[in-house]
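*Asks:* Provided below are the primary sequence and the corresponding predicted coordinates.
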Amino acid sequence: MTETAVPLSVRPAGGDPLDSAVWRLRSRGCWEDAASLLEPRAASDPRAALSRAALLVERCLFTSEGWGRAEEALRAAESLVPGDEERGAAACERGFLAFASTWLGVRDRADEARAALGRAAALLAPDSPGRALLDFRRGLMAEHVSGNPQAAEAGYRRAHNEAVRRGDALLGSYTWQRLGALAALAGDAQEARHGFTQSLRLREEAGFLVGIAPALVALAEVEPEPEAQRLMAEARRLFGLLGGVPRWLGPRLEPPPED
């Protein structure tokens, strides 16, 4: 199973101590704690409600747990959002939650995911800051649900170009990762190595600790020995440090059988 985790649609911005505290917890895989910090504000603030919902959606993807909590948070956010931009962001999160359920084999919600992401596309303006994330998530659907890597690559590249233009390093780390994965599938090891190296670099610079182990594993799989072994050992160390998340990474970190 390859990595598809994605950043929040409403990202913490600098200046607000609450945003900074939420980011520190989220980056270490403490989604429940981060969501709890936002809970008082989320009762009446649409932005906080969307951020809280997105945190709990991301938790589902990394842990395959908390689906009911994420659904409740999404419904609460949807009841508050005032305009098309916010409704589009909420639809993007709902579509991603349905995608995660489908991809992880919890429950097939592919039709729901397509409908919600299509609704987000209709609501978000062409120049909306949320468009890049939407393009990325529609790329995930194309690659992992529809089996259309060409459409997936087009979505990833649109998202990547916009992430670079806006200086969104975290989303850029995900677009690099998926473009690297498509290159690996096409047999282009050099391009795959470049994409995975850039993804790892951006996550390390951002301090997104919970996303570093998957980036290390992806790079290890296209690197020769002994570098591959070193990268896998570091991924195992981080995976253990963070309590075994993301859960889907576990089978890829099992040590090879002894001869």
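*Replies:* Arrived safely. Numbering: from 1, shown residues only.
*Asks:* For the nearest residue to residue 96 once chain neighbours are set aside, report the pLDDT, please.
*Replies:* Spatial nearest neighbour of residue 96, chain neighbours left out: residue 137 (5.3 Å); criterion: Cβ to Cβ, 6 or more residues apart in numbering. Placement of C-beta: from N, CA and C, glycine included. Model confidence at residue 137, given as pLDDT, is 97.
*Asks:* gap between residue 137 and residue 32?
*Replies:* Applying Cβ to Cβ, to the nearest Å, the value for residue 137 to residue 32 is 23 Å.
*Asks:* And for residue 254, the neighbour number?
*Replies:* Residues within reach of residue 254, counting by other Cβ atoms under 10 Å, total 8.
*Asks:* which ones are touching it?
*Replies:* The contact partners of residue 254, taken as Cβ atoms under 8 Å, 6 or more residues apart in numbering, number zero.
*Asks:* and it, how far is that from residue 242?
*Replies:* 17 Å.
*Asks:* Residue 250 now?
*Replies:* Residue 250 is 12 Å from residue 242, where distance means Cβ to Cβ.
*Asks:* so residue 50 makes contact with residue 86?
*Replies:* Yes - counting by Cβ atoms under 8 Å, residue 50 does reach residue 86; the two are 6.6 Å apart.
*Asks:* Show me which of those two is the more surrounded one.
*Replies:* Comparing residue 50 with residue 86 by other Cβ under 10 Å, the one with more neighbours is residue 50, at 27 against 20.
*Asks:* circling back to that earlier point, so for residue 137 and residue 32, which sits in the more crowded spot?
*Replies:* Each of residue 137 and residue 32 has its neighbours counted (other Cβ under 10 Å); residue 137 has more, 25 against 15.
*Asks:* Give me the packing partners of whichever helix or strand that one is part of, helices and strands only.
*Replies:* In this assignment (DSSP states H and E), residue 137 forms part of helix 131-144. Helices and strands touching helix 131-144, as assessed by 3 or more Cβ pairs under 8 Å, 6 or more residues apart in numbering; DSSP states H and E, comprise helix 84-103, helix 110-123, helix 149-166, helix 169-185.
*Asks:* for the helix or strand of the chain with the lowest mean pLDDT, which positions count as buried?
*Replies:* The helix or strand of the chain with the poorest confidence is helix 17-27; it has a mean of 92 (mean pLDDT, DSSP states H and E). Buried residues in helix 17-27, counted by 16 or more other Cβ atoms under 10 Å: 19, 22-23, 25-27.
*Asks:* Now do the closest residue in space to residue 198 that isn't next to it in sequence against residue 121, distance only.
*Replies:* If the residues on either side of it in the chain are set aside, residue 198 comes closest to residue 176, at 4.3 Å by Cβ to Cβ, 6+ apart. To residue 121, residue 176 is 23 Å away according to Cβ to Cβ.
*Asks:* Neighbour count: those two, which is higher?
*Replies:* Taking other Cβ under 10 Å, residue 176 and residue 121 do not tie; residue 176 has more neighbours (26 against 16).
*Asks:* The more buried one: what's it in contact with?
*Replies:* For residue 176, the contacting residues are 160, 195-196, 198-199, 202, by Cβ under 8 Å, 6+ apart.
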